[in-house]
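Asker: only the shape, not the letters, is given here:
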């Protein structure tokens, strides 16, 4: 056994333990009896403690020091890059600070949920202040002399900086705002109406999951309050939700989560339980969920097939034809909530959060000013005022659990999806004919071969560049959105 | 922090991790997609490796050496007894042997399942030979100079010896055989016939679980191939199964598992995630499942209520009255399978296995002779020949997974249940009036207060002696069975 072999054997056990911890999270949201919560908190903390101890294990440093990176193949070098990054990150954060962040964010989630239910930001502000202070301290430890927010971003999108994100939003904002204004001034498509049986929604949603290539022999679909995908390798589970008035929420949540799950399921099996065996970043992950959900799932061709499926499942539901159905699916609605936003407006919600959290971390904004800052910015960007905190500054869980630097990866994912979609359409000129038959295989196979299979082999932007033949830019997404909504709204 | 506090903090994390490993086992039998099996094997192995490392952690030996047991209260001394026992056991078994046993028994389970499906003992024999040899080696390491089978028993029933078990079976065998012969010669009650809707079975089974005090806010009921109870403390889950032709299998499996689960749920909350926070032994565990299932669940009083519940759930199902129903529930049937055996015959199945496995461990029997030995013994004890290995030597999973010394705890549980039932009836002279109303609360409360709440505080036989006021013997069980079946069969 060489030092590399020893390190990889140790790492494989760590990856397996991380999968166990992840499955515990799945269980908590789907199966766990409510009364088990206090015990579960101790179980999760124990798993985290084991994982943390392994990440900072001095043997890892010894092995890393002994290995000659130059003697390794690209897979070996990529493994080392991930292990070294995790080890350095874990070693930089003092154990007491890590434990305190874990405890405070665990409590903060409950406090946030209560404050949101009560529509009272002031009940959450002291906790948020504490979370921000702790995460800033962690960011300072990680950043050494660099920018604290940049250091935070590395946890979700390695290699990306706050300035790059700001440039991305600078490129997106004017066109999106202009297009949105034109759409709002035009005549809107009809809305979906009526009530849709929830068991029938779940049946069709499972069919949709399979249609998008989700391998049910290594996964499962359950209901949860918030849709999510969980796990890597041979056990990747998704959740969705049902609402009798809104079957699209069920179907497009499922397709979105299948995008995440297909990424995990599509990674080269040789990387199973290694650092390359999971999606490489939140941005690339979101590119898969978004392209499944939007560029494929909300396309005219695919919705023409989905229209027939919905008629089969629910009978006549008041939409006359496939073309109208396409416009209904893509209707642009006023609203407050990011997770309910359409393709056109979604990134406007994200850039608001990015600017606020970056200012918070830089001390340019205080928690006490957050609610007013959110409301001012929202009205400026969207043209109508926030009616209550649960529709505004309290709507997202992220900040309460210490996810600072996470939001921008949603927009990065959209931008990456735009690039991939452009390249995929060029490679598959007849794709629409397949999609109109409910056959997504050409698209999902292209994404598997060009993105998913590589897992963590390349850095995030490299994955997209490798798949498309050029560095990612905002142009393809903007061109796609402009063409789509100009046509739907007859602009 | 004293050494005791440090040790208990460390142990608490270990207990939490053990709960996680147990929940992974539950998931595997209820929720896991089939294709995840290879990854799951690595996840389980990683958890076992973490738990093993903690059990042999040198800090545990240091803490144990520093603590003055005499200065502790009874709870503290009991905690130390458990921790010391686990630490010494884990330290005695060489790591390589433990790893080999884990790997071989993991593979052996699949080989056993295939051999059983093919009704071919010879396909399983080489693997069984290897398992026995490895477990014998482990037993020798644990026994130091003592008896190897006695050492194996300690894993399931601390403080019990093979000679004690042999004496128990010597006391049970003549009376059970004689009573069984008389019952078989008498006229049998009718059998249950017809088909029973499986969804209605699950609905009634959940009602039965609650009726027996199972706390659904800290547990859940799912279907699995084999019924089991899993977990301790605030998250104790059970499974059951349905068969349209045999609703009793569903209901009595549920009541049995609720007995196990109620034990775990009934332990003093102060012992949560400590060595005292789980049932103290397999025998005491089985005493709870058996007394719930048999002495309470199959009593005339309780079945009179269950008869009405089944009529409500299924309409007229061909049984005229509660008295006939009681006799149907307690019908003694010829059969081959231990898990399907009635109260009267169950222990005959167990003593056969005990004698065979004890002879195997002592080198008095070879694996090559096992099938013939089983068949000869079965025919001698039951009066008819085994028709195929899946109804004989291949029927139980236990030996394939290395559970040697486990079988006798089933009969110990029955004997303990007999003792507890005698004492409980003396303490609750009006119990039948409650049971006839479907109210098990006086019985379950008595068991909680006298047995369950103590968790691991006392040694197994002490628990029973403390609850009943005298050391456990076989007499109460034999007297109960004689009275019950003499009356049902009009002997």
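Answerer: Sure thing, it's come through. Predicted, not measured: the structure shown is a model, and the values here were computed from it.
Asker: what mean pLDDT does stretch A:481-490 get?
Answerer: In this model, stretch A:481-490 has a mean pLDDT of 98.
Asker: residue A:85 touches residue A:158, doesn't it?
Answerer: Yes: the criterion here is C-beta atoms under 8 Å, and residue A:85 meets it with residue A:158 at 6.9 Å. C-betas here are computed from N, CA, C, even on glycine.
Asker: the more surrounded of the two?
Answerer: residue A:158 (18 against 13; other C-beta atoms under 10 Å in any protein chain shown).
Asker: doesn't that one belong to a strand?
Answerer: No: if the criterion is DSSP: H, G, I helix; E, B strand; the rest coil, then residue A:158 is coil and not within a strand.
Asker: please report how far it lies from residue B:96.
Answerer: Per C-beta to C-beta, to the nearest Å, residue A:158 is found 39 Å from residue B:96.
Asker: middle-most residue in chain A, spatially?
Answerer: Nearest to the geometric centre of chain A sits residue A:286, at 4.5 Å (C-alpha atoms, centre = their mean).
Asker: hmm, who's touching the worst-scoring helix or strand of chain A on mean pLDDT?
Answerer: For chain A, using mean pLDDT, DSSP states H and E, the weakest element among its helices and strands is helix A:95-118, scoring a mean of 91. With contact meaning C-beta atoms under 8 Å, 6 or more residues apart in numbering or on different chains, helix A:95-118 is reached by A:41, A:45, A:48, A:52, A:56, A:90, A:121, A:123-124, A:127-128, A:130-131, A:134-135, A:137-138, A:141, A:389-390, A:394-395, A:397, A:399-402.
Asker: try stretch A:140-153
Answerer: A:89, A:92-94, A:97, A:135-136, A:139, A:154, A:160-162, A:165, A:357-358, A:361-362, A:404-405, A:408.
Asker: mind listing which of these are in helices?
Answerer: Of the contacts of stretch A:140-153, the ones assigned to helices by DSSP state H are A:89, A:92, A:97, A:135-136, A:139, A:162, A:165, A:357-358, A:361, A:408.
Asker: can you tell me which of these are buried?
Answerer: The neighbour count (16 or more other C-beta atoms under 10 Å in any protein chain shown) marks A:89, A:135-136, A:139, A:162, A:165, A:357-358, A:361, A:408 as buried among those.
Asker: and the longest helix seen in chain A, what's buried?
Answerer: When chain A is parsed with DSSP H, its longest helix is helix A:3-30. For helix A:3-30, burial by neighbour count (16+ other C-beta under 10 Å) applies to A:4, A:6-8, A:10-30.
Asker: filter the residues you listed down to the ones near chain B?
Answerer: Residues of those in contact with chain B (C-beta under 8 Å from any C-beta of the partner chain): A:12-14, A:16-17, A:19-20, A:23-24, A:27.
Asker: domain ranges for chain A?
Answerer: Residue ranges for the domains of chain A, per automatic domain parsing: A:3-92, A:120-491.
Asker: okay, now the shortest one: how far is its last residue from its first?
Answerer: Translated: domain A:3-92. One end of domain A:3-92 sits 23 Å from the other (C-alpha to C-alpha, to the nearest Å).
Asker: follow-up on the earlier one: could you identify the most distant pair in the ones next to chain B among the buried residues of helix A:3-30?
Answerer: Farthest pair in those (C-beta to C-beta) is A:12 and A:27. Separation: 23.0 Å.
Asker: which other helices and strands does the one helix or strand residue A:52 maps to contact?
Answerer: Per DSSP states H and E: residue A:52 is located in helix A:37-55. Under the contact criterion of 3 or more C-beta pairs under 8 Å, 6 or more residues apart in numbering or on different chains; DSSP states H and E, helix A:37-55 touches helix A:3-30, helix A:74-92, helix A:95-118, helix B:3-30.
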